[in-house]
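K.L.:
Return a 3D structure for these sequence lines:
(2 chains)
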Amino acid sequence: MSDNGIKDLSSLDRLIHEPARLMIMTILYAVKEADFVYLQRECGFTQGNLSSHLSKLEEVGYLTVTKTFKGKYPLTICSLTRKGREAFEVYSVKMRYVTGQPSNNSR
Amino acid sequence: MSEPPDPVVRAARSAERHWYEDGLQNIYRGFLMLLLATGYFPSGPFPRQSRTETILSLVSLCAFFLFCILLLAHRRIIGWIKTKMTFPRTGYAAPPPSAAGIKTEDTGFWPAPLPTPAEEDYLERREKTEPWIYFLLVAAWVLTLFLAHARWPSRGVVLVWAISLGLAGNYTQPPGRSAWAGVILCVTSGIAATLLPLSNSWRLPAFLFLLGTISTAAGVFQLSVFLLRHPRLKSTEP
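P.N.:
Residues are numbered from 1 along each chain as shown, chains lettered A, B, ... in the order given. Have a look, this model is predicted:
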């Protein structure tokens, strides 16, 4: 982080900063890939809500959405792209700086 | 790799629990125990060189080979069953490293699923012990067959098997599964098998049969609860 102090807050990624999208990014960062039903269950969103957030993240290239079939069941698999993963890491470093938390080395 | 925040670890733990909550692992493990029990039938009190003993020896050998194949292919088979049963109900998330067969050195790199600290410990342990566990399993199987044919006191063999399986189960249990329940189950099944009014040569198959049946029954119960709680969803895809 630079020494600009409070001005650094303006450089936070607004797309990730929205709570619903932050939840989606957090889950996908941890599990590598998940389908629509899992994300809906974990986040507690409606179908339309989740769908619109996924579209926004997909538009900027933070995640990829792949539609496949397992037997008769449609499966919409979402996973973070490298760009999305890096953006999330930058965002979490900035948020730690904002909240005064050190970057913890023990997970 | 930069350190992820705690909510990320919580998301990874939730995915671990999600992977094991349907009970399929318990059913599969129970089925493997039942196969192993079948492998010890020839140690029963049959006349030597009889037709029954020959047929049962072949059955035993087939059961043991099937056991080995199912043990090695367990990830693929469980994954296939999950696509039919679990994912349409609760969705799909990439399995935790322990269930996906990912090694410790791979977990630091994208796109592997993020390991929780418990997963990392487990993977490290598994890499050290896995070849030994396979070797000891085969050695124990052969040695026990020999001891059973030699009419060696079977109560002791059963108790040693029960304690060894319990400890190995506790040591190799991946995060997201109850480890101590397995130890208690092994030891109580072992004690029960030594107390049952059976001839000595039937005690080990009886122990493995008991263990397999209880594990399968526990898994079936877990699966039933899971299926009742999570009815199959009508298409919820966008």
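
K.L.:
Find out how far the longest helix along chain A is from the centre of the chain, if you would.
P.N.:
Longest helix in chain A by number of residues, with DSSP state H as the criterion: helix A:82-99. Using Cα atoms, centre = their mean, to the nearest Å, the mean C-alpha position of helix A:82-99 is found 10 Å from that of the whole chain.

K.L.:
helices or strands next to that helix in the packing?
P.N.:
For helix A:82-99, the elements it packs on are helix A:14-17, helix A:19-31, judged by 3 or more Cβ pairs under 8 Å, 6 or more residues apart in numbering or on different chains; DSSP states H and E. Backbone N, C-alpha and C define where each C-beta goes, glycine included.

K.L.:
Of those, which is nearest B:Pro197?
P.N.:
Judged by Cβ to Cβ, the one of the helices and strands packed on helix A:82-99 that comes nearest to B:Pro197 is helix A:19-31, at 51.1 Å.

K.L.:
about what we covered before: any idea which of the helices and strands packed on helix A:82-99 is most buried?
P.N.:
Among the helices and strands packed on helix A:82-99, helix A:19-31 has the highest mean neighbour count (mean count of other Cβ atoms under 10 Å in any protein chain shown), at a mean of 22.

K.L.:
Now do that one against helix A:82-99, angle only.
P.N.:
Orientation check (axes from the mean of the first three to the mean of the last three Cα atoms, to 10 degrees): helix A:19-31 against helix A:82-99 gives 110 degrees.

K.L.:
So what touches the very next helix or strand once past helix A:19-31?
P.N.:
As assigned by DSSP states H and E, the chain's next helix or strand after helix A:19-31 is strand A:33-35. Contacts of strand A:33-35 with the rest of the structure, by Cβ atoms under 8 Å, 6 or more residues apart in numbering or on different chains, involve A:27-28, A:42, A:75-79, B:15, B:87, B:91-94, B:111.

K.L.:
and the helix or strand following strand A:33-35, what does it pack onto?
P.N.:
Next helix or strand after strand A:33-35 toward the C-terminus (DSSP H and E): helix A:36-43. Helix A:36-43 sits against helix A:19-31, helix A:47-59, strand A:73-80, helix B:6-20, helix B:87-90, with contacts defined as 3+ Cβ pairs under 8 Å, 6+ apart.
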